[in-house]
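Peer 1: pasting the sequence and the predicted model now:
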Amino acid sequence: MKYSLQKMSEEKVFKDPVHRYVHVNDRVIWDLIDTKEFQRLRRIKQLGTTYLTFHGAEHSRFNHSLGVYEIVRRIVDGVFDGREKWNPKDRLLSLCAALLHDLGHGPFSHSFEKVFEMDHEVFTRQIILGDTEVNKVLRRVNETFPKEVAEVIAKTHANKLVVSLISSQLDADRMDYLLRDAYFTGVSYGQFDMERILRVVRPTEEQAVFKQSGMHAVEDYIMSRYQMYWQVYFHPVTRSAEVILTKILHRAKELYKENYQFQHEPYHFNSLFTHTVTLRDYLKLDDAVMLYYFQQWEEEEDLILSDLCRRFNNRDLFQYVEFTPSNQEMKKLLKLTQLFAKAGMDPEYYLVLDSSSDLPYDFYRPGEEEERVPIYLLSKKEELKELSRESDIVDAISGKRRTDHKLYFPADMLNDMSVHGREKEEIKRMLEWE
């Protein structure tokens, strides 16, 4: 029997708070889960710094990856099986791509990638295609199978239907993280009727579509996603923690460039600082490693690095004020920058403009950057209709990008300043901070 068709002698299950059970019947899936590269995802939080705002948000990318796999398994084994547009030969490809789609994420992914100019998707492909346990398992299916899985995740595979299951405006990835993140943060915003959506999803040659009778469940999903972004993912306290985390990494990187003698040598960061990261280096990084260095760096002689690490470790975060980047406000920011410098607070690290932006749903804009394939509804006459043309609710938010700007600063330092009284009062007046 080919490895690709080999079933487990007995079904394995993972107990899951969102899907109740994650079912594994395929030997290749079970073996992939057991690889060290996939097990590493247990040590990386799904929501980065969000646990500092919502204390229950301690779940990992391991949890989420299993959840995405389970949703795709339910679709291909339950809904798509036996339907005209679905080729059962694509089943294992879909399941493996779903399971491995987040394999290359690093610790505190988005801040980490921004500072060190990296892309987790590049590392996902390297893990799948490189000299890894994951690659060895995938090659037991056939020699070209790792390449196919990598192409699905990279959205370059010729089979657009399989790609859409993992990456589209309504995919298994988004469905799982909305429900999972809502569960662990304890909010109700991310709840939607996934059972109904799975009942009405249908295969076409180009993508997964949804029966028109299920439109209201799709609307509910779109609005849940919108609310989760602004109430959870872009929560200003979470963003404050993200700002401090980013500045810690910036400061450490800057000190390394200046040949600063760290009391505790940052061995895990050296290849990051020099842009010579190998896959082996990268796979050694996880949240625990990062937090270990943050604890050590609290003892550094550099006051900025020490202070920022103390703040992050003890949740002594920056305060914020609303900010509108108009010409007048930007002039005020320039003046504030000068005042912070005069007051002895380096504005590079202690006065930070942060912007959050989201586009909850978009219709087809061919050729544009980040071009998005729209969600289609399937009518009783087997006609495809773009969602925003049928739904007044979705039409109201389609193509409308919402952006939020905030200015972050350490209020405690302003309150404690004694020597620079004049600057302190002027800063507080300009920030309208009491």
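Peer 2: Perfect, I can see it now.
Peer 1: hey, let's count contacts and neighbours off CA atoms from now on
Peer 2: Fine.
Peer 1: what sits up against the lowest-mean-pLDDT helix or strand in the chain?
Peer 2: Lowest by mean pLDDT, DSSP states H and E among the helices and strands of the chain is helix 421-431, with a mean of 81. With contacts defined as CA atoms under 8 Å, 6 or more residues apart in numbering, helix 421-431 is touched by 321, 332, 336, 339-340, 342-343, 414-415, 417, 434.
Peer 1: need the buried ones from those residues selected in PyMOL.
Peer 2: A single PyMOL command selects the buried members of those (16 or more other CA atoms under 10 Å):
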select buried, resi 336+339+340+343+414+417
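Peer 1: mind checking which of the contacts of helix 421-431 are in strands?
Peer 2: Judged by DSSP state E, the contacts of helix 421-431 include Val321 as members of strands.
Peer 1: out of the contacts of helix 421-431, who's nearest Ile128?
Peer 2: Nearest to Ile128 among those: Val321, at 43.7 Å, using CA to CA.
Peer 1: give the buried residues for the longest strand anywhere in the chain.
Peer 2: Scanning the chain for the strand with the most residues, using DSSP E, yields strand 7-16. By neighbour count with 16+ other CA under 10 Å, strand 7-16 contains the buried residues Lys7.
Peer 1: same thing with stretch 296-311?
Peer 2: Neighbour counts over stretch 296-311 (16+ other CA under 10 Å) mark 296-300, 302, 304-311 as buried.
Peer 1: may I see the residues you listed arranged in JSON lines, with distance to Lys114, pLDDT and secondary structure as well?
Peer 2: Supplementary listing: the buried residues of stretch 296-311 in JSON lines, determined by distance: CA to CA, whole Å; pLDDT from 0 to 100; DSSP: H, G, I helix; E, B strand; the rest coil:
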{"residue": "Gln296", "distance to Lys114": "23", "pLDDT": "97", "secondary structure": "helix"}
{"residue": "Trp297", "distance to Lys114": "21", "pLDDT": "97", "secondary structure": "helix"}
{"residue": "Glu298", "distance to Lys114": "23", "pLDDT": "96", "secondary structure": "coil"}
{"residue": "Glu299", "distance to Lys114": "25", "pLDDT": "96", "secondary structure": "coil"}
{"residue": "Glu300", "distance to Lys114": "24", "pLDDT": "96", "secondary structure": "coil"}
{"residue": "Asp302", "distance to Lys114": "23", "pLDDT": "97", "secondary structure": "coil"}
{"residue": "Ile304", "distance to Lys114": "20", "pLDDT": "97", "secondary structure": "helix"}
{"residue": "Leu305", "distance to Lys114": "18", "pLDDT": "98", "secondary structure": "helix"}
{"residue": "Ser306", "distance to Lys114": "21", "pLDDT": "97", "secondary structure": "helix"}
{"residue": "Asp307", "distance to Lys114": "21", "pLDDT": "97", "secondary structure": "helix"}
{"residue": "Leu308", "distance to Lys114": "18", "pLDDT": "98", "secondary structure": "helix"}
{"residue": "Cys309", "distance to Lys114": "18", "pLDDT": "98", "secondary structure": "helix"}
{"residue": "Arg310", "distance to Lys114": "22", "pLDDT": "98", "secondary structure": "helix"}
{"residue": "Arg311", "distance to Lys114": "20", "pLDDT": "98", "secondary structure": "helix"}
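Peer 1: and the closest residue to Val152 other than its chain neighbours, what's its pLDDT?
Peer 2: Spatial nearest neighbour of Val152, excluding adjacent residues (CA to CA, 6 or more residues apart in numbering): Val163 at 5.3 Å. In this prediction, Val163 carries a pLDDT score of 96.
Peer 1: low pLDDT regions in the stretch 101-250 of the chain?
Peer 2: Across the stretch 101-250 of the chain, nothing is flagged by pLDDT under 70.
Peer 1: can you pull out the strands in it?
Peer 2: For the stretch 101-250 of the chain, the strands defined by DSSP state E, counting those that start in this stretch occupy 201-203, 208-211.
Peer 1: what lies in contact with the longest helix seen in the chain?
Peer 2: Counting by DSSP state H, the longest helix found in the chain is helix 236-257. With contact meaning CA under 8 Å, 6+ apart, helix 236-257 is reached by 49-50, 52-53, 111-112, 115, 273, 304-305, 308-309, 311-312, 315, 317-320, 349, 352, 354, 408.
Peer 1: buried ones from the residues you listed, can you make that a PyMOL selection?
Peer 2: In PyMOL, selecting the buried portion of the contacts of helix 236-257, with burial taken from 16+ other CA under 10 Å, looks like this:
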select buried, resi 49+50+52+53+111+112+115+273+304+305+308+309+311+312+317+318+319+320+349+352+354+408
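Peer 1: okay, Phe234 and Thr53: tell me how far apart.
Peer 2: As defined by CA to CA, to the nearest Å, Phe234 lies at a distance of 11 Å from Thr53.
Peer 1: now Asp362: closest residue in space, sequence neighbours ignored.
Peer 2: Leaving aside its sequence neighbours, Asp362 sits nearest to Gly399 (CA to CA, 6+ apart; 4.6 Å).
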